[in-house]
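K.L.:
Need coordinates for the below:
(one chain, ligands or ions: 2)
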Amino acid sequence: MSKKLIPTSYPPGSHVAVQLPLPFGGAYDYRVGEQMTVMEGDFVRVPLGPRIAIGVVWSPATGEVPENKLKDISSLLDCPPLPKVSRQFVDWTANYTLQAKGLVLKMAMSVRDALESPKPITAYIRASELPDLRMTPARSRILDVLKDGPPRTTTELAREAATSPGVVKGLYEAGALNKVSLSPEPEISEPDPERQGVTLSDTQATAAEELVKAVFPGGFSVSLLDGVPGSGKTEVYFEAVAEALRHGGQTVVMLPEIALSAQWLERFRARFGVDPSVWHSDLTVSQRRHTWRAVAEGRAKVVVGARSALFLPYLNLKLIVVDEEHDGAFKQEEGVIYNARDMAVVRARLGQIPITLASATPSLETIINVAGGRYTGYELPVRHAGAQLPDIKAVNMIKSPPPRGQWLSPALTIAIKQTIAAGEQVLLFLNRRGYAPLTLCRTCGHRFQCPRCTAWLVEHRSAGRLQCHHCGFHISPPSECPECKTENSLVACGPGVERLAEEIQALIPNIRMTIAASDNIQSPGAAGELVRRIENHAVDLIIGTQIVAKGYHFPLLTLVGVIDADLGLQGGDPRASERTFQLLYQVAGRAGRGEKPGRVLLQTYMPKHPVMLALLSGDKDQFIEIETKARREAMMPPFGRLVALIVSGPIESNVDYAAQALARSAPSGPNISVLGPAPAPIALLRGLHRRRLLLKATKDTAVQPLIRQWISRSEKYKKVRIQIDVDPMSFF
Ligand code: ADP
Ligand code: ZN
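P.N.:
Ligands and ions are numbered 1, 2, ... in the order given. From the prediction side, this is the model:
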């Protein structure tokens with residue numbers, strides 16, 4: 001079936017629905033003004049109350065606004081329209097996740113500036129003949145700067161000549177400078193698919209060939225690249241990216257934490273000769289503007305980004321890659337709650353294009369989809385060039401505990417010393433920021449808690465603070481207990497990365513050590529710097545939280561010590577085992593990635609836990625089998641469906657009433673059950689009280705209409721918000 005490519009157009013006087021990027025669901029009707037024709041997808045300015053808003057022409061009018069109240073569209077914006085598939089994607093996502101369509105659209109719209117046509121930039125060159133001038137040192141410095149090199153803007157000139165913009169203006173008025181117009185869009189260099197990549201092994205080449213075949217002529221397909229860390233998944237999917245480039249198509253590669261992808265970017269440059277376009281939340285307004293337009297105009301050929309890159313208005317998207325597809329960071333938990341990995345598959349289906357998921361530890365959802373034949377799986381079983389998989393051992397912390405007040409078992413201590421003595425590197429993994437997770441008074445037992453959250457205050461000793469990791473609340477550690485007023489009675493309980501560093505320092509005083517946690521690694525620059533220092537062997541030992549678990553490749557790193565392997569197994573998350581397995585497997589994969597074999601020591605109080613047994617034996621399949629069985633029996637995803645409702649508000653009684661009212665009007669039936677309301681594990685968050693309800697349904701239940709009806713028939717309470725989380729991944 002071939003679709004008509006001519007978009008629907010609306011002549012003057014017709015009525016259309018314009019979708020606005022605002023936190024309510026619907027679109028508003030407007031009239032197309034005189035001498036204007038609009039198409040679906042056009043960006044337009046419309047009057048909204050006293051102001052002018054920007055929206056997208058979405059569909060024929062809904063008819064909800066009476067003829068005499070209908071207002072005219074004010075004007076059309078000079079920017080590429082939102083493509084049809086992007087609009088369908090917004091509709092689909094809003095409908096599936098039960099989030100306001102306006103908010104989903106907002107993710108596709110980027111910054112307001114991007115929608116205005118770019119203004120040319122004024123720059124200066126030297127006049128070919130200089131007039132008679134009163135010369136000052138500042139003036140001559142400016143003329144010197146302009147002797148060679150490109151035209152410069154006023155700001156650039158003032159900076160380079162160390163003078164003020166006024167001097168530039170004076171020179172121009174005196175006739176010594178001429179104005180020129182520069183294009184406001186920086187050039188984007190195209191990645192070159194024909195550059196020589198690495199020579200793929202036979203298994204790599206077979207997988208790459210299949211991925212390449214899927215790109216052209218296209219059509220929807222999902223492939224999984226399943227291979228141990230270092231098996232060459234990135235190099236393999238780069239071949240599919242190259243194929244998309246050959247056909248002039250765009251690719252989006254989604255990475256869970258773009259800020260930490262320095263090595264990935266390096267590999268991309270090595271393969272394609274240039275940088276890709278990047279998209280994440282830390283871009284400046286002008287970077288956003290440029291990239292958004294370049295994507296919409298098809299000039300940006302490869303975009304690498306975090307979740308939100310998926311919603312960019314690609315003109316000609318031919319391939320999607322989701323790297324580390326199992327990663328929880330693909331789930332957005334605030335604002336529009338959605339799973340970018342799942343929505344990426346939907347986007348590929350709507351666009352009839354292939355998508356590749358890559359992971360060393362694919363999610364159970366994806367594994368089941370491969371087993372059921374919906375996705376095609378490719379395994380890359382060996383490490384590239386036969387590098388050895390690390391040798392993983394458990395340290396039974398019941399049998400051989402660390403000395404009191406310390407966290408390193410004798411076995412790990414010895415291994416660290418040996419490794420450092422051999423001139424190799426150590427990674428100690430502890431997923432706890434700061435110095436200690438809890439501070440208490442040893443006289444009265446008082447515990448420092450956040451006044452706005454159900455959470456202990458975490459001591460950050462280097463920053464001199466007790467800090468809440470949920471809301472940012474912090475205090476300086478007091479000298480006396482606020483409860484019993486005893487002086488010097490506060491003690492730190494449990495380890496954080498800073499405290500572990502103290503222990504190491506005492507153990508090996510002259511060690512070169514670094515801490516890698518989100519507190520000090522916040523930007524791609526900082527991450528790149530860290531990677532360089534480790535690669536250049538400027539550090540011997542790294543203490544890291546989960547930010548070091550991913551994708552890095554350090555040839556000299558031969559020992560990984562996991563300080564508390566059991567940490568992630570606590571709490572009521574149905575995916576706790578799966579997550580812990582994935583995280584520890586990834587961390588373990590950092591060891592021995594070069595010529596030298598690596599070893600991993602897991603400190604655990606539960607050496608017989610299925611997660612530990614699977615890690616020790618390297619038998620991933622057996623773990624998956626056990627996990628699959630457990631989930632199937634409990635009707636948990638992917639064998640059943642979950643939707644969480646989080647009821648929250650500042651007044652506890654209202655929140656309770658609202659949650660109970662929801663429970664009373666809960667849907668019922670043979671295929672569904674509703675659990676709760678129960679206080680959320682974080683029952684108070686940023687001053688808001690929280691209760692949770694959980695709807696469980698069979699796989700074939702259409703949950704969205706059920707939830708919609710449920711919410712609409714429940715009583716409303718003042719200052720109470722109900723958030724809907726379809727397919728919840730976290731249960732805090
Ligand atoms: P993964 O994504 O599975 O962790 P990568 O694709 O990042 O693996 O590969 C790990 C390292 O091995 C990279 O430095 C990569 O360039 C290199 N590599 C992978 N395959 C080959 C190959 N066939 N020839 C040479 N180097 C390779
Ligand atoms: Zn708090």
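K.L.:
residue ranges of the strands in the stretch 401-550 of the chain, please?
P.N.:
Under the criterion DSSP state E, counting those that start in this stretch, strands of the stretch 401-550 of the chain are mapped to 425-429, 438-441, 458-460, 465-467, 474-475, 490-493, 513-516, 541-544.
K.L.:
ugh, wrong one, I meant the stretch 101-250 of the chain
P.N.:
121-126, 177-182, 221-227, 250-254.
K.L.:
Need the winner for burial among those strands.
P.N.:
Mean neighbour count (mean count of other C-beta atoms under 10 Å) peaks for strand 250-254 among the strands of the stretch 101-250 of the chain, with a mean of 26. C-beta here means a position set from N, CA and C on the backbone, and glycine is covered the same way.
K.L.:
That one: partners in the sheet, and parallel or antiparallel?
P.N.:
According to DSSP bridges, strand 250-254 has the following sheet partners: strand 302-305 (parallel), strand 317-323 (parallel).
K.L.:
Is it possible to get CSV of those strands that adds distance to ligand 2 and mean pLDDT?
P.N.:
Converted to CSV, the strands paired with strand 250-254 look like this (distance: least, C-beta to the ion, whole Å; pLDDT from 0 to 100):
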stretch, distance to ligand 2, mean pLDDT
strand 302-305, 30, 96
strand 317-323, 32, 98
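K.L.:
still on that earlier bit, now mean pLDDT too, for the strands of the stretch 101-250 of the chain, in CSV please.
P.N.:
Shown next, in CSV, are the strands of the stretch 101-250 of the chain (pLDDT from 0 to 100):
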stretch, mean pLDDT
strand 121-126, 86
strand 177-182, 84
strand 221-227, 96
strand 250-254, 98
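K.L.:
Just send these back as JSON lines, with distance to ligand 1 too.
P.N.:
Formatted as JSON lines, these follow (distance: least, C-beta to the nearest ligand atom, whole Å):
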{"stretch": "strand 121-126", "distance to ligand 1": "39"}
{"stretch": "strand 177-182", "distance to ligand 1": "38"}
{"stretch": "strand 221-227", "distance to ligand 1": "5"}
{"stretch": "strand 250-254", "distance to ligand 1": "12"}
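K.L.:
Mind checking those for the one nearest to A108?
P.N.:
Among the strands of the stretch 101-250 of the chain, the nearest to A108 by C-beta to C-beta is strand 250-254 (13.0 Å).
K.L.:
what's in contact with that closest one?
P.N.:
Contacting residues not belonging to strand 250-254 are listed as 237, 240-241, 244-245, 276, 295, 298, 300-307, 309-310, 312, 314-323, 330, 340-341, 344 [C-beta atoms under 8 Å, 6 or more residues apart in numbering].
K.L.:
What's the PyMOL syntax to select whichever of the residues you listed are buried?
P.N.:
Restricted to buried positions by 16 or more other C-beta atoms under 10 Å, the PyMOL selection for the contacts of strand 250-254 reads:
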select buried, resi 237+240+241+244+245+276+295+300+301+302+303+304+305+306+307+309+310+312+314+315+317+318+319+320+321+322+323+330+340+341+344
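K.L.:
Can you narrow the contacts of strand 250-254 down to the ones near ligand 1?
P.N.:
Among the contacts of strand 250-254, no residue sits close to ligand 1 (C-beta under 6 Å from any ligand atom).
K.L.:
sorry, back to before: can I get the strands of the stretch 401-550 of the chain in a markdown table with mean neighbour count and mean pLDDT?
P.N.:
Formatted as a markdown table, these follow (neighbours: other C-beta atoms under 10 Å; pLDDT from 0 to 100):
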| stretch | mean neighbour count | mean pLDDT |
| --- | --- | --- |
| strand 425-429 | 26 | 96 |
| strand 438-441 | 19 | 96 |
| strand 458-460 | 24 | 96 |
| strand 465-467 | 21 | 95 |
| strand 474-475 | 14 | 96 |
| strand 490-493 | 16 | 94 |
| strand 513-516 | 20 | 94 |
| strand 541-544 | 24 | 96 |
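K.L.:
export the ones you listed to TSV and tack on distance to A661?
P.N.:
Output for these, formatted as TSV (distance: least, C-beta to C-beta, whole Å):
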stretch	distance to A661
strand 425-429	45
strand 438-441	36
strand 458-460	36
strand 465-467	36
strand 474-475	37
strand 490-493	40
strand 513-516	47
strand 541-544	46
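K.L.:
Distance to ligand 2 for those - can I get that in JSON lines?
P.N.:
JSON lines is the format used below for these (distance: least, C-beta to the ion, whole Å):
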{"stretch": "strand 425-429", "distance to ligand 2": "26"}
{"stretch": "strand 438-441", "distance to ligand 2": "14"}
{"stretch": "strand 458-460", "distance to ligand 2": "10"}
{"stretch": "strand 465-467", "distance to ligand 2": "9"}
{"stretch": "strand 474-475", "distance to ligand 2": "9"}
{"stretch": "strand 490-493", "distance to ligand 2": "18"}
{"stretch": "strand 513-516", "distance to ligand 2": "23"}
{"stretch": "strand 541-544", "distance to ligand 2": "24"}
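K.L.:
Stretch 521-530: how far from the chain's middle?
P.N.:
Put simply, stretch 521-530 sits 16 Å off its chain's centre (C-alpha atoms, centre = their mean, to the nearest Å).
K.L.:
in it, what counts as buried?
P.N.:
Buried positions in stretch 521-530, judged by neighbour count with 16+ other C-beta under 10 Å: 521, 524, 527-528, 530.
K.L.:
next one: stretch 568-584
P.N.:
Buried-residue list, stretch 568-584, by 16+ other C-beta under 10 Å: 568-569, 573-575, 577-584.
K.L.:
which one among these gets closest to ligand 2?
P.N.:
Ranked by distance to ligand 2 (C-beta to the ion), these are led by D573 at 20.6 Å.
K.L.:
For that closest one, list the residues it contacts.
P.N.:
By C-beta under 8 Å, 6+ apart, the contact set of D573 is 579, 730-731.
K.L.:
what does whatever helix or strand A348 lives in rub up against?
P.N.:
Element membership for A348, per DSSP states H and E: helix 340-351. For helix 340-351, the external contacting residues (C-beta under 8 Å, 6+ apart) are 85, 88-89, 92-93, 96, 220, 222, 254, 306-308, 310, 317, 320, 322, 325, 327, 330-332, 354-355, 357, 363, 727.
K.L.:
Next up, the contacts around the closest residue to Y717 other than its chain neighbours.
P.N.:
Spatial nearest neighbour of Y717, chain neighbours left out: A658 (4.1 Å); criterion: C-beta to C-beta, 6 or more residues apart in numbering. Listed by C-beta under 8 Å, 6+ apart, the contact set of A658 reads 647, 649, 691, 714-717, 720, 722.
K.L.:
mind listing which of the residues you listed are in strands?
P.N.:
Using DSSP state E, the members of the contacts of A658 that fall within strands are 647, 649, 691, 722.
K.L.:
Give me the pLDDT for the second one.
P.N.:
What that stands for is G649. Note on G649: pLDDT of 96.
K.L.:
now the end-to-end length of stretch 434-452.
P.N.:
20 Å (C-alpha to C-alpha, to the nearest Å).
K.L.:
any chance of the strands of the stretch 401-550 of the chain in JSON lines, with distance to ligand 1 too?
P.N.:
JSON lines is the format used below for the strands of the stretch 401-550 of the chain (distance: least, C-beta to the nearest ligand atom, whole Å):
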{"stretch": "strand 425-429", "distance to ligand 1": "16"}
{"stretch": "strand 438-441", "distance to ligand 1": "36"}
{"stretch": "strand 458-460", "distance to ligand 1": "32"}
{"stretch": "strand 465-467", "distance to ligand 1": "34"}
{"stretch": "strand 474-475", "distance to ligand 1": "38"}
{"stretch": "strand 490-493", "distance to ligand 1": "37"}
{"stretch": "strand 513-516", "distance to ligand 1": "19"}
{"stretch": "strand 541-544", "distance to ligand 1": "18"}
